[in-house]
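Asker: Quick one: sequence plus predicted model below, questions after.
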Amino acid sequence: MQRKNQRATVPVQTIQDPKNTQYLVLQNLTKVFRNTNGHEVRAVDDFCLTVGKGEFITLIGPSGCGKSTTLRMIAGFERPTSGEIIHEGQIITHDDPQDRSIPIVFQNYALFPHMNVFENLAYGLRARYLPQDAINHDVAMICQMVNLVGIENRFPHELSDGQQQRVALARALVLKPKLILFDEPLSNLDARLRLQTRSEIKRMQQMLGITVLYVTHDQSEALSLPDRVVIMNRGRIVQIGTPEQVYHDPASLFVSDFISNANFLDAIVVSVKDHQVGIAIYEHTFKVPAERCDGNLEPGDRVMVSINPETIEIRAHGEQALPGYIKGVVELSSFNGPLSEYKVTFGDTLIRVVQPNIRGRTMIHRVGQEVGLAFEVATFRVFPAQW
Ligand SMILES: Nc1ncnc2c1ncn2[C@@H]1O[C@H](COP(=O)(O)OP(=O)(O)O)[C@@H](O)[C@H]1O
Ligand SMILES: [Mg+2]
């Protein structure tokens with residue numbers, strides 16, 4: 001293995017500003033595993049990503065799509081089959097993990113069970129031969145920061161899940177890394193603690209200016225934490241964008257399905273003209289702007305329409321039909337505080353609608369009531385049905 005002092009330097013022309021915009025470059029990163037039965041698995045396939053200094057990136061995709069393998073290659077626990085990893089202008093692809101100091105925080109904490117909190121945190125500092133004074137100082141600082149003061153002498157089995165996860169986070173932070181990898185760090189925590197810990201992580205990252213790659217399968221984490229989201233499927237990147245971009249403009253049905261909890265409806269193309277695609281869903285026709293439609297669509301084509309639930313307006317249906325609204329019947333009505341969620345009949349299916357609740361202004365629609373639905377056609381995404 002290549003040692004630190006033998007690191008190759010990247011040719012100048014490939015990196016203009018390695019300290020900032022190209023802080024971490026993953027170039028055509030590929031990992032092929034050979035199973036015991038001789039089959040090859042392309043766990044990560046031609047993964048290309050350039051991460052800026054201080055950027056927060058989430059990596060999301062279905063189980064087995066190569067998220068952990070990507071992180072493990074960056075940390076040095078897995079050797080890429082091909083491709084390069086360039087960190088601060090240095091090729092580190094084949095460096096040992098201890099030469100890169102890029103910690104991974106896991107969901108199963110991986111704390112040393114026979115060491116108390118203090119010793120768990122001091123471990124990495126001792127490995128760096130820091131004097132005891134400096135260790136005491138750094139551990140105390142980090143305990144303050146992640147709220148572990150007073151429990152430094154406890155052992156992992158004497159800690160709650162949330163505390164254990166904070167120790168795992170502190171153990172990574174105490175080494176003052178500039179880049180941290182997280183692999184589904186909050187999966188073991190209950191919903192409330194998950195929210196709390198995730199805002200802690202974000203606060204810490206902003207305060208310390210750390211660059212983060214954060215793997216999750218939770219779409220709300222994937223959207224709420226990062227500057228950019230990377231969506232993976234079968235080892236490949238299928239979309240990279242800001243949370244707004246991937247949510248509002250998913251590149252494929254797969255992304256839309258993964259990111260948005262949208263309604264997916266079958267439709268038939270009935271017209272293509274004037275930069276609009278006419279699509280029929282049951283007996284209703286919608287004229288969708290052509291830029292919201294993928295593929296070379298022609299009349300007669302079957303398509304899948306993705307409609308986000310918050311873009312649908314729901315109104316009580318009085319004696320008279322509301323012009324422009326499509327009639328439906330409420331089949332499910334659930335009040336969640338800030339939002340109400342409805343399932344309303346639409347043709348022979350149910351469509352999910354989410355509306356904000358504003359006291360004195362919003363009407364709550366009950367099960368069995370007739371309502372009118374209005375659609376925001378410019379927010380539709382239309383994909384060819386075969387995908
Ligand atoms: N050591 C290994 N040997 C063989 N196959 C592996 C190994 N590690 C991971 N894989 C396979 O590589 C693929 C990606 O795995 P992983 O990166 O763990 O996915 P994710 O973290 O997205 O769930 C999966 O098909 C998995 O079975
Ligand atoms: Mg994984």
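Answerer: Happy to help now that I have it. Numbering: from 1, shown residues only. Ligands and ions are numbered 1, 2, ... in the order given.
Asker: Any regions of the stretch 101-250 of the chain where pLDDT drops low?
Answerer: 109 (pLDDT under 70).
Asker: all helices of it, in order?
Answerer: Applying DSSP state H, counting those that start in this stretch to the stretch 101-250 of the chain gives helices spanning 117-127, 132-145, 161-173, 191-208, 219-224, 243-248.
Asker: Compare these and give me the one nearest Thr70.
Answerer: helix 219-224 (14.7 Å; Cβ to Cβ). Placement of C-beta: from N, CA and C, glycine included.
Asker: What is the closest one packed up against?
Answerer: Contacts defined by 3 or more Cβ pairs under 8 Å, 6 or more residues apart in numbering; DSSP states H and E place helix 219-224 against strand 56-60, helix 191-208, helix 243-248, helix 253-260.
Asker: returning to what we had before: export the helices of the stretch 101-250 of the chain to JSON lines and append columns for mean neighbour count.
Answerer: As requested, the helices of the stretch 101-250 of the chain are exported to JSON lines (neighbours: other Cβ atoms under 10 Å):
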{"stretch": "helix 117-127", "mean neighbour count": "19"}
{"stretch": "helix 132-145", "mean neighbour count": "16"}
{"stretch": "helix 161-173", "mean neighbour count": "23"}
{"stretch": "helix 191-208", "mean neighbour count": "15"}
{"stretch": "helix 219-224", "mean neighbour count": "18"}
{"stretch": "helix 243-248", "mean neighbour count": "17"}
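Asker: what about the ones you listed, which gets the closest to Gln22?
Answerer: helix 191-208 (19.3 Å).
Asker: Tell me what angle that closest one forms with helix 161-173.
Answerer: Between the axes of helix 191-208 and helix 161-173, defined by axes from the mean of the first three to the mean of the last three Cα atoms, to 10 degrees, the angle is 20 degrees.
Asker: Which strands and helices lie in contact with helix 191-208?
Answerer: helix 161-173, strand 211-216, helix 219-224.
Asker: And the contacts of that helix?
Answerer: Contacts with helix 191-208, where a contact means Cβ atoms under 8 Å, 6 or more residues apart in numbering, come from 56, 145-146, 161-162, 165-166, 169, 173, 180, 182, 185-186, 189, 210, 212, 214, 218, 221, 224-225.
Asker: Domain map for this protein?
Answerer: As assigned by automatic domain parsing, the chain contains the domains 4-103+177-253, 261-384.
Asker: what's the first-to-last distance across the last one?
Answerer: It stands for domain 261-384. 19 Å (Cα to Cα, to the nearest Å).
Asker: Over to stretch 92-111?
Answerer: 27 Å.
Asker: what about that stretch, distance to the chain center?
Answerer: Put simply, stretch 92-111 sits 21 Å off its chain's centre (Cα atoms, centre = their mean, to the nearest Å).
Asker: Quick check: buried residues in it?
Answerer: For stretch 92-111, a neighbour-count test (16 or more other Cβ atoms under 10 Å) marks 92-93, 95, 99-107, 109, 111 as buried.
Asker: That stretch and ligand 1 in contact?
Answerer: No. Legend: contact between stretch 92-111 and ligand 1 by Cβ under 6 Å from any ligand atom is lacking; minimum distance shown is 11.1 Å.
Asker: Not including adjacent chain positions, what is the nearest residue to Ala134?
Answerer: Closest residue to Ala134 apart from its sequence neighbours, by Cβ to Cβ, 6 or more residues apart in numbering: Leu125 at 7.2 Å.
Asker: which residues sit in contact with the one you found?
Answerer: Contacts of Leu125 (Cβ under 8 Å, 6+ apart): Ala134, Ile135, Asp138, Val139, Val174, Leu175.
Asker: With Asp45 instead?
Answerer: Thr30, Gly66, Arg234, Gly235, Arg236.
Asker: what's the answer for His248, then?
Answerer: Neighbours of His248 in contact, by Cβ under 8 Å, 6+ apart: Thr379.
Asker: how about 6 Å then?
Answerer: Contact analysis of His248 by Cβ atoms under 6 Å, 6 or more residues apart in numbering lists nothing.
Asker: From Ile231, how far off is it?
Answerer: Distance, His248 to Ile231, by Cβ to Cβ, to the nearest Å: 14 Å.
Asker: likewise Leu173?
Answerer: 28 Å.
Asker: And Leu181, by the same measure?
Answerer: Per Cβ to Cβ, Leu181 is found 18 Å from Ile231.
Asker: now swap in Arg352 and tell me
Answerer: Applying Cβ to Cβ to Arg352 and Ile231 gives a distance of 22 Å.
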